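Trainee: Fold the following and give me the result.
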Amino acid sequence: MASPPSGSTNQAESVVVAHQHRLICEGIARILQEAGFHVLGQADTEPDLVQLAGEHQPDILLVDWEMPEVTPDTIRTLTEKRPHLAVVILTRPQPAEDFLPILQAGARGYLSMNLSSREFVQALRMLAKGDIVVSQEMAGAIKVELATDQIPRSREDVSGREREVLRLIGQGASNREIAERLIVSQHTVKVHLRNILNKLNLRNRQQIAAYAVQEGLVRNVKSDNDAQPAP
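Mentor: Prediction:
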């Protein structure tokens with residue numbers, strides 16, 4: 001189903017769209033093209049999206065989460081092979097326990113299909129600038145994921161290096177990737193991770209990712225329905 005357009009592309013905004021329903025896939029591609037993005041190809045199966053991601057090297061890969069065979073392992077494989085690829089999941093609103101593993105696998109965005117075209121384009125613009133984006137209606141589920149016997153404390157309790165680790169975990173980086181970026185051993189990363197868990201009263205890596213969302217390390221995309229009336 002791939003059909004890369006003719007002409008030059010702006011690599012900062014090059015996209016491959018993957019959705020199991022061809023009509024929806026074509027509609028998303030049209031919205032993006034009208035907004036100035038360069039759609040390099042379209043896929044309606046998991047093998048096709050993997051192939052297109054390899055062939056065209058897009059900066060953004062939009063993935064229908066209900067596409068058969070797509071799993072967190074699919075996302076992890078794509079992002080490990082291409083660290084600069086921004087994978088964005090398109091789905092219906094999901095609870096935090098469902099979408100946090102996908103962020104941890106390396107996805108840079110998790111967007112609700114309830115977004116308007118304007119909101120959708122706005123989210124991808126933020127993504128192109130290096131942000132991680134999550135729809136507001138799903139980010140709200142973070143409070144449930146963070147429910148513990150004790151309330152998480154402020155980041156003021158965390159050291160500067162631990163804050164770097166916290167930010168990278170929120171961005172989906174593995175211990176190995178964190179070690180490479182900070183030029184430390186993976187053992188040191190594990191020590192920082194344990195300290196973060198203890199200082200913030202969190203239970204696991206999944207809650208650290210949730211905390212990163214709550215603290216603004218991951219950008220939330222509000223829908224028009226969430227907007228408050230002007231005073």
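Trainee: Tell me the helix or strand right after the least confident helix or strand in the chain by mean pLDDT.
Mentor: Ranking every helix and strand in the chain by mean pLDDT, DSSP states H and E puts helix 142-145 at the bottom, with a mean of 52. Using DSSP states H and E, the helix or strand that follows helix 142-145 in sequence is helix 160-170.
Trainee: And the next helix or strand past that following helix?
Mentor: Downstream of helix 160-170, the next assigned helix or strand under DSSP H and E is helix 175-182.
Trainee: Can you show me the helices along the protein?
Mentor: Taking DSSP state H as the test, the helices found in the chain are 22-34, 46-56, 72-81, 96-104, 117-128, 136-139, 142-145, 160-170, 175-182, 186-200, 205-214.
Trainee: would you list these in TSV and tack on distance to L90 and mean neighbour count?
Mentor: Yep, even glycine has a C-beta here, placed from its N, CA and C like the rest. As requested, the helices of the chain are exported to TSV (distance: least, CB to CB, whole Å; neighbours: other CB atoms under 10 Å):
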stretch	distance to L90	mean neighbour count
helix 22-34	8	16
helix 46-56	12	18
helix 72-81	13	17
helix 96-104	12	21
helix 117-128	9	18
helix 136-139	12	20
helix 142-145	19	16
helix 160-170	21	18
helix 175-182	25	17
helix 186-200	30	17
helix 205-214	18	22
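Trainee: Quick one: closest of the ones you listed to I89.
Mentor: helix 96-104 (5.7 Å; CB to CB).
Trainee: Could you list the domains of the chain?
Mentor: Using automatic domain parsing, the domain parsing of the chain gives 11-142+218-224, 144-214.
Trainee: so how far is the first one from its chain's centroid?
Mentor: What that stands for is domain 11-142+218-224. Centre-to-centre, domain 11-142+218-224 and its host chain are 7 Å apart (CA atoms, centre = their mean, to the nearest Å).
Trainee: thinking again about what came up before, of the domains of the chain, which shows the lowest average pLDDT?
Mentor: Ranked by mean pLDDT, the domains of the chain bottom out at domain 144-214, which scores a mean of 76.
Trainee: now that one, how far from the centre of its chain.
Mentor: 17 Å.
Trainee: what's the answer for stretch 200-215, then?
Mentor: Relative to the centre of its chain, stretch 200-215 is centred 16 Å away, using CA atoms, centre = their mean.
Trainee: Just give me the neighbour total for S112.
Mentor: For S112, the count of nearby residues is 21 (other CB atoms under 10 Å).
Trainee: quick one: it and F99 touch, right?
Mentor: No - in this structure, S112 is not within contact of F99 by CB atoms under 8 Å, at 10.2 Å.
Trainee: Quick check: closest non-adjacent residue to P101.
Mentor: Once flanking residues are discounted, P101 sits nearest to P72: 5.1 Å by CB to CB, 6 or more residues apart in numbering.
Trainee: The closest residue to H56 other than its chain neighbours: neighbour count?
Mentor: Leaving aside its chain neighbours, H56 sits nearest to L40 (4.1 Å; criterion: CB to CB, 6+ apart). Applying other CB under 10 Å, we find 25 residues neighbouring L40.
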